[in-house]
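Q: here is my input; please provide its structure:
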Amino acid sequence: MNILSRWSSVALTVAAVVVIAILTTVLPGFRLSLGTQLFAYIIICLSANLLFGYADEIVLAQAAIVGFGSYGFAVAVNAGAPLVMAALVAIALSSVGSVLLAFPALRLQGLFLAIITLAFQFAFSGIAEGWRAVTGGLNGIAVNSLFTAPVPGMEAERFWFLVAGILAVLLVLALRRLVRGPFGRGLAALRDAPEAAAALGMRALHWKLVTFALAGGISGIGAVLLVGRTAYVSPGSYTVQQSMLITVAIIVGGVASITGSVLAAIIVVGLPELLFALGASAELTPVIIALTIVVCLRFLPRGIVSLPGLVGRRLRRARAKEASS
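A: Residues are numbered from 1 along each chain as shown. Reported below is the predicted structural model:
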């Protein structure tokens with residue numbers, strides 16, 4: 001069964017990559033850009049759910065963690081670094097930014113940790129707006145070299161869509177295996193029974209540092225893709241509102257669920273675009289999104305990912321009632 005499951009995962013991964021490669025050649029520029037944004041947010045939501053869902057750490061500074069990587073990537077590329085080297089800089093900076101939050105997480109939980117991470121988010125916004133020599137202030141940083149794809153004869157939009165899609169598929173597969181393995185079981189033990197985990201020799205500091213570093217590194221990958229998509233980075237893209245939206249989207253999509261992370265990304269990217277296409281005004285869009293979230297939380301407290309199971313249970317109850325009558 002394990003071998004069958006492994007081969008089915010490989011087959012699905014290959015199929016997804018093939019579909020992404022085909023879409024790369026046929027989609028128009030706007031759809032490619034939107035797809036790249038969606039793939040980037042799938043990666044970012046995977047990172048956020050690793051902390052919020054699996055490690056039970058309420059972090060409201062996800063946008064700041066992504067922002068560290070985005071600015072690092074933009075500055076490195078403008079300084080002449082190769083794309084791979086600049087991407088490694090982004091991953092490292094996002095990891096460092098995330099690890100900084102691991103230390104208060106050792107002593108604080110719940111609302112108190114959320115407040116500390118919120119302060120971290122505001123601090124990042126202040127640095128991004130005020131340190132003009134590095135960040136460009138409110139004007140941001142343009143990365144004009146990213147308008148040209150590193151692959152000769154390939155448009156930049158198609159290059160970033162292909163890279164983002166492949167990375168998103170691989171990270172979904174990798175995180176699924178990770179949280180179902182010893183690492184995921186260790187996080188569950190620390191989350192659900194910290195005293196028992198400590199008695200078994202599990203060091204909370206070690207586990208939190210590794211988890212925050214890993215989540216930060218994954219966010220750094222998403223940061224690279226976001227900058228590659230727009231060739232621009234500014235403080236307005238990494239605000240406290242964006243951090244809140246990511247967190248709420250994870251709750252609506254499904255906490256501690258890889259599929260829920262994908263649904264969360266669709267909510268973050270797709271819902272505003274859908275409302276725009278339907279003609280909703282910019283002022284009305286946040287209200288509609290808020291009402292959608294409230295309705296989802298009221299009727300699906302475990303997230304949209306629980307909908308198939310809920311429907312299945314109700315159908316079985318209806319059939320059982322018909323059979324008994």
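Q: what's next to the helix or strand of the chain with the lowest mean pLDDT, contact-wise?
A: One helix or strand of the chain scores below all others by mean pLDDT, DSSP states H and E: helix 285-299, with a mean of 80. Helix 285-299 is contacted from outside by Val248, Ile251, Val252, Leu271, Pro272, Leu275, Phe276, Ala280, Gly303, Ile304, using Cβ atoms under 8 Å, 6 or more residues apart in numbering. To be clear about C-beta, it is placed using only N, CA and C from the backbone, and glycine gets the same treatment.
Q: what strand or helix carries the fourth one?
A: Right, the one you point to is Leu271. Per DSSP states H and E: Leu271 is located in helix 258-277.
Q: dump that helix to CSV, restricted to CA.
A: Extracted in CSV, the C-alpha atoms of helix 258-277 (Å, rounded to 0.1, in the frame of the first residue of the first chain):
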residue,chain,number,x,y,z
ILE,A,258,-1.9,21.0,3.2
THR,A,259,-5.1,21.1,1.1
GLY,A,260,-6.3,23.8,3.4
SER,A,261,-3.2,25.8,2.6
VAL,A,262,-3.9,25.6,-1.2
LEU,A,263,-7.5,26.7,-0.6
ALA,A,264,-6.2,29.6,1.5
ALA,A,265,-4.0,30.8,-1.3
ILE,A,266,-7.0,30.6,-3.7
ILE,A,267,-8.9,32.7,-1.2
VAL,A,268,-6.1,35.3,-0.9
VAL,A,269,-5.6,35.6,-4.7
GLY,A,270,-8.8,34.4,-6.3
LEU,A,271,-11.5,36.0,-4.2
PRO,A,272,-10.5,39.7,-4.8
GLU,A,273,-10.0,38.9,-8.5
LEU,A,274,-13.5,37.3,-8.7
LEU,A,275,-15.1,40.2,-7.0
PHE,A,276,-13.3,42.7,-9.3
ALA,A,277,-14.5,40.7,-12.3
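Q: list the buried residues in the helix or strand Ala133 falls within.
A: Using DSSP H and E, the element containing Ala133 is helix 132-135. By 16 or more other Cβ atoms under 10 Å, the buried positions in helix 132-135 come out as Thr135.
Q: could you identify the helix or strand that succeeds it?
A: strand 141-142.
Q: and that following strand, which strands flank it?
A: Applying DSSP bridges, strand 141-142 is found paired with strand 232-233 (antiparallel).
Q: starting at the chain centroid, how far to the strand it pairs with?
A: Centre-to-centre, strand 232-233 and its host chain are 18 Å apart (Cα atoms, centre = their mean, to the nearest Å).
Q: please apply the same query to stretch 264-281.
A: Per Cα atoms, centre = their mean, the centroid offset for stretch 264-281 relative to its chain is 17 Å.
Q: neighbouring contacts of it?
A: Contact with stretch 264-281 is made by 34, 37-38, 41-42, 44-45, 48-49, 245-246, 249-250, 252-254, 284-285, 288-289, 292, as judged by Cβ under 8 Å, 6+ apart.
Q: show the buried residues in those residues.
A: Neighbour counting by 16+ other Cβ under 10 Å classes 34, 37-38, 41-42, 44-45, 48-49, 245-246, 249-250, 252-254, 285, 288-289 among the contacts of stretch 264-281 as buried.
Q: alright, I will stop here.
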